[in-house]
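Chemist: starting from these lines, generate the structure:
(one chain, ligands or ions: 2)
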Amino acid sequence: MRNKSEKQKAEAGQGYQLMLSPRRIQRRIKELAKELSRDYRGRVPVLIGVLNGGFIFLADLIRHLEIDCEIDFMKISSYGDETMTSGWVKLLKDVDCQVEGRDVIVVEDIVDSGLSIQFLQRRLQRFRPKSVKYVTLLLKEGAARVPYEIDYVGFRIPNEFVVGYGLDQAQLLRNLSGIYVKKG
Ligand code: IMP
Ligand code: MG
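Modeler: Ligands and ions are numbered 1, 2, ... in the order given. Sure, this is the predicted structure:
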């Protein structure tokens, strides 16, 4: 028999444990979209997805929004291929859209040390947006190394390394529909 892929192993519970099922994730995203639609009624915000991890969350979130919106992406890197943050953030792709005077919503996959959020906050302020709010699918409890503020949180999770639903380990496992924690 062929060797199983890492994805198949995770789905079979071999070496990985399911933390958030696809159903739970989708249910929570609908709630977040409802909140955002209410808070931004009558406005046309630009949602900035943070690559790479945030792309699946952004794609699912905007389809549940009732308001009009634009999207753009920023790409930053702090982990390399490690499971620990390197402590510094590199800008790999800046925003392309006109940010000045706009209502901006930054869409993150996960907030861990807070360094990425802090970096994005500083970067975006230079473009003089009208407002900036932050939404993250996951927030790791007790992992903050710098102060930050998040406006919308999907799930608060324990301080463990997770994969799936956009989140990778050494670039793999982003294509899992659920979120898993590595065992052992
Ligand atoms: P922070 O700058 O330490 O808050 O880390 C934020 C970024 O690190 C996230 O946007 C992810 O791309 C990555 N990251 C943090 N924790 C995890 C994890 O548990 N699994 C996969 N990627 C993670
Ligand atoms: Mg990220």
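Chemist: flag every residue of the protein that's near ligand 1.
Modeler: 50, 53, 78-79, 85, 108-116, 161-163, 167-168 (CB under 6 Å from any ligand atom). C-beta here means a position set from N, CA and C on the backbone, and glycine is covered the same way.
Chemist: what residues of the lengthiest helix in the chain count as buried?
Modeler: Counting by DSSP state H, the longest helix found in the chain is helix 22-39. By 16 or more other CB atoms under 10 Å, the buried positions in helix 22-39 come out as 25, 29, 32, 33, 36.
Chemist: rewinding a little: if any of the residues of the chain next to ligand 1 are buried, put those into a PyMOL selection.
Modeler: If you want just the buried ones from the residues of the chain next to ligand 1 in PyMOL, going by 16+ other CB under 10 Å, the selection is:
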select buried, resi 50+53+78+79+85+108+109+110+111+112+113+114+115+116+162+163+167+168
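Chemist: so what does the one helix or strand residue 62 maps to touch, helix or strand wise?
Modeler: Assigned by DSSP states H and E, residue 62 belongs to helix 55-64. Counting by 3 or more CB pairs under 8 Å, 6 or more residues apart in numbering; DSSP states H and E, the packing neighbours recorded for helix 55-64 are helix 22-39, strand 46-51, strand 70-77, strand 103-111.
Chemist: tell me which parts of this structure are close to ligand 2?
Modeler: Residues of the chain lying near ligand 2 by CB under 5 Å from the ion: 50, 53, 109.
Chemist: for ligand 2, state which of those is nearest.
Modeler: Within the residues of the chain next to ligand 2, the smallest distance to ligand 2 is 3.7 Å, found for residue 53 (CB to the ion).
Chemist: picking up where we left off before, any chance of the helices and strands packed on helix 55-64 in a markdown table, plus mean pLDDT?
Modeler: Converted to a markdown table, these look like this (pLDDT from 0 to 100):
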| stretch | mean pLDDT |
| --- | --- |
| helix 22-39 | 98 |
| strand 46-51 | 98 |
| strand 70-77 | 96 |
| strand 103-111 | 98 |
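Chemist: and residue 155, which of these is closest to it?
Modeler: helix 22-39 (6.5 Å; CB to CB).
Chemist: extract the CA atoms of that closest one and return them as CSV.
Modeler: Provided in CSV are the C-alpha atoms of helix 22-39 (Å, rounded to 0.1, in the frame of the first residue of the first chain):
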residue,chain,number,x,y,z
PRO,A,22,-14.5,22.0,10.0
ARG,A,23,-18.1,22.4,11.2
ARG,A,24,-17.2,24.4,14.3
ILE,A,25,-14.8,26.6,12.3
GLN,A,26,-17.5,27.4,9.7
ARG,A,27,-20.1,28.1,12.3
ARG,A,28,-17.9,30.5,14.1
ILE,A,29,-16.9,32.3,10.8
LYS,A,30,-20.6,32.9,10.1
GLU,A,31,-21.0,34.5,13.5
LEU,A,32,-17.9,36.7,12.9
ALA,A,33,-19.2,37.7,9.5
LYS,A,34,-22.5,38.6,11.0
GLU,A,35,-20.8,40.8,13.6
LEU,A,36,-18.7,42.5,11.0
SER,A,37,-21.7,43.1,8.7
ARG,A,38,-23.5,44.8,11.5
ASP,A,39,-20.5,46.9,12.6
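Chemist: perfect, that will be all.
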